[in-house]
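Peer 1: Sequence and predicted structure below; questions after.
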Amino acid sequence: MHALARLSPEIRQYLLVTGNYWAFTLTDGALRMLVVLHFHSLGYTPLQIAALFLFYEIFGVVTNLVGGYLGARLGLNRTMNIGLGMQVLALLMLTVPAAWLTVPWVMGAQALSGIAKDLNKMSAKSSIKLLVPDTQQGTLYKWVAILTGSKNALKGVGFFLGGALLAVLGFTGAVLAMAAALALIWLASLVLLKKDLGKAKAKPKFRDMLSKSRAINILSAARLFLFGARDVWFVVALPVYLSSVFGWDFWLVGGFLASWVIGYGIVQSVAPRITGKRSGHVPDGRAAFLWAASLAGLPALIALGLGAGWSAQVVLLGGLLLFGVLFAVNSSLHSYLIVSYAKEDGVSLDVGFYYMSNALGRLIGTLLSGWVFQAYGLAACLWVSSAFVLAAALISIALPRHGMQPAR
């Protein structure tokens, strides 16, 4: 506590925001695993399960766009607290009797959860821009990588938590326990988060939600395809495949996916070392292209291995681990570049626009994950994933290189 008191008020505020983000991330990961496994056990098809997340992703697209505007006008702490409160409400909506858990009702709860999640993400990611001077890009890259990686590691813990809670408490008990824990954190946040971090000096207009930066527009397009490439096989197709084809139970599916995301988060945290920060370099558009290109063929190779009749467990699980490493580096590079490109005053406007594209990519990937898997199988999902990563790589060619100033 003494060490915390010696920190500057700005950094203490940022640490509180990050702590809230971590707590929220645990419930978000657990809830996703709960919904996928619970409704799969009730006999829902992969496409129906994907539909349950439709509003989660759609409202994520809208929230990132509007949330950036609200963060600039109201302050990032207020948007963070709104997000926490909405997540508690979303969880409580799922504690109703089983007969009420119709598809529209669950989609509505997921819509609230999607809004809440992206308000929290936008608030946390935007805050870091205000703590590091523009002249210290290496430090900025390291801080962004640590924040992003730790969040995803905790999301992996949330996946395991969701599978474990479902097995121990059942669906309703698990959701109620998470709602109670997050409500306590929300009440503490209302008391502790007082500073209007990130509030723009000049009141932004509604039209300012759309990015005017060429670099951010290009990066956002690449991000859309990158995250669509992950979710087209990871969100619905993979857990259902592991459960139905491999015969894994809730504990095993949740535990494996949790381990994957935790490892993914760890790689994100150390991405600056992997990409050469030790030698004094920070990534640019060329690095984004090269790392995306290195990932593009991997899902197709996994599909070819499955089609050739090789051991499905070796090909799929081994390929998934390598995919996680390469994807984590790509994601960490993107997360640094958006914070680097964003303007400091009203930073949440640029970050919100970028994560709007991120959410749109997840939406497209989620829908395709259910439909393509149900109609054509996992191999088809993998081929779509390769095509999406290739598109992200080609788009990244147009990003600024070192010595070029991002055009605004």
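Peer 2: Sure thing, it's come through.
Peer 1: if I pick Leu238, what's in contact with it?
Peer 2: Neighbouring residues of Leu238 by C-beta atoms under 8 Å, 6 or more residues apart in numbering: Leu257, Leu320, Leu378. Using the backbone N, CA and C atoms, a C-beta is placed for each residue, glycine as well.
Peer 1: swap in Ala90?
Peer 2: Ala90 sits next to Leu31, Ala109, Gln110, Leu112, Ser113, Ala116 when contact means C-beta under 8 Å, 6+ apart.
Peer 1: Please give the three-state secondary structure assignment for it.
Peer 2: Assigned by DSSP: H, G, I helix; E, B strand; the rest coil, the conformation of Ala90 is helix.
Peer 1: Read off the pLDDT value for it.
Peer 2: Looking at Ala90, its pLDDT stands at 91.
Peer 1: returning to that earlier point: tell me which entries of the contacts of Leu238 lie within helices.
Peer 2: Taking DSSP state H, the ones among the contacts of Leu238 that sit in helices are Leu257, Leu320, Leu378.
Peer 1: Grab the nearest non-local neighbour of the first one.
Peer 2: In other words, Leu257. Of all residues not flanking Leu257 in the chain, Phe159 sits nearest, at 4.8 Å (C-beta to C-beta, 6 or more residues apart in numbering).
Peer 1: likewise the second one?
Peer 2: Closest residue to Leu320 in three dimensions, ignoring its sequence neighbours and counting by C-beta to C-beta, 6+ apart: Trp260, at 6.4 Å.
Peer 1: picking that back up, check the ones in helices among the contacts of Leu238 for the minimum pLDDT and say which it is.
Peer 2: Leu257 (80).
Peer 1: what sits against that residue?
Peer 2: With C-beta under 8 Å, 6+ apart, Leu257 has these contacts: Met33, Gly156, Phe159, Phe160, Leu238, Pro239.
Peer 1: Same check on Leu316?
Peer 2: Listed by C-beta under 8 Å, 6+ apart, the contact partners of Leu316 are Tyr241, Ile302, Leu306, Leu378.
Peer 1: who wins for most neighbours among those residues?
Peer 2: Ile302 (27 neighbours; other C-beta atoms under 10 Å).
Peer 1: Kindly state the pLDDT recorded for that residue?
Peer 2: For Ile302, the model assigns a pLDDT of 95.
Peer 1: In contact with it, which residues?
Peer 2: Val315, Leu316, Gly319, Leu320, Phe323, Leu382.
Peer 1: Looking at those, state which has the most neighbours.
Peer 2: Greatest neighbour count in the contacts of Ile302, by other C-beta under 10 Å, goes to Leu382: 28 neighbours.
Peer 1: isn't that residue right next to Ala303, touching?
Peer 2: Yes. Counting by C-beta atoms under 8 Å, Leu382 touches Ala303, with 3.9 Å between them.
Peer 1: Isn't Thr79 up against Lys121?
Peer 2: No. Between Thr79 and Lys121 there is no contact under C-beta under 8 Å: 10.3 Å.
Peer 1: Helix or strand: which one has Trp310?
Peer 2: Take DSSP states H and E as the rule and Trp310 turns out to sit in neither a helix nor a strand.
Peer 1: just Ala181 next, same as before
Peer 2: Assigned by DSSP H and E, Ala181 belongs to helix 137-192.
Peer 1: tell me how far the following helix or strand past that helix is from the chain's mean position?
Peer 2: Remark: after helix 137-192, the chain's next helix or strand is helix 214-234, criterion DSSP H and E. Offset of helix 214-234 from its chain centre (C-alpha atoms, centre = their mean, to the nearest Å): 12 Å.
Peer 1: Going by neighbour count, list what's buried in helix 214-234.
Peer 2: Neighbour-count burial for helix 214-234 flags 215-234 (criterion: 16 or more other C-beta atoms under 10 Å).
Peer 1: next one: stretch 259-278
Peer 2: Judged by neighbour count (16+ other C-beta under 10 Å), stretch 259-278 contains these buried residues: 259-272, 274-275, 277.
Peer 1: now the residue most central in space within the chain, nearest residue through space, not along the chain?
Peer 2: Nearest to the geometric centre of the chain sits Asn152, at 7.4 Å (C-alpha atoms, centre = their mean). The spatially closest residue to Asn152, leaving aside those adjacent along the chain, is Gly265, at 3.4 Å (C-beta to C-beta, 6+ apart).
Peer 1: just Met93 next, same as before
Peer 2: Computed as C-beta to C-beta, 6+ apart, the closest residue to Met93 that is not its neighbour in sequence is Ala109, at 4.0 Å.
Peer 1: contacting residues for Gln374?
Peer 2: Thr45, Pro46, Leu47.
Peer 1: err, Ala303, not the other one
Peer 2: Contacts for Ala303 (C-beta under 8 Å, 6+ apart) come out as Leu378, Ala379, Ala380, Leu382, Trp383, Ser386.
Peer 1: okay if I get those residues as TSV plus distance to Gly361?
Peer 2: What follows is the contacts of Ala303, written out as TSV (distance: C-beta to C-beta, whole Å):
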residue	distance to Gly361
Leu378	20
Ala379	21
Ala380	18
Leu382	17
Trp383	17
Ser386	15
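Peer 1: Done for today, thanks.
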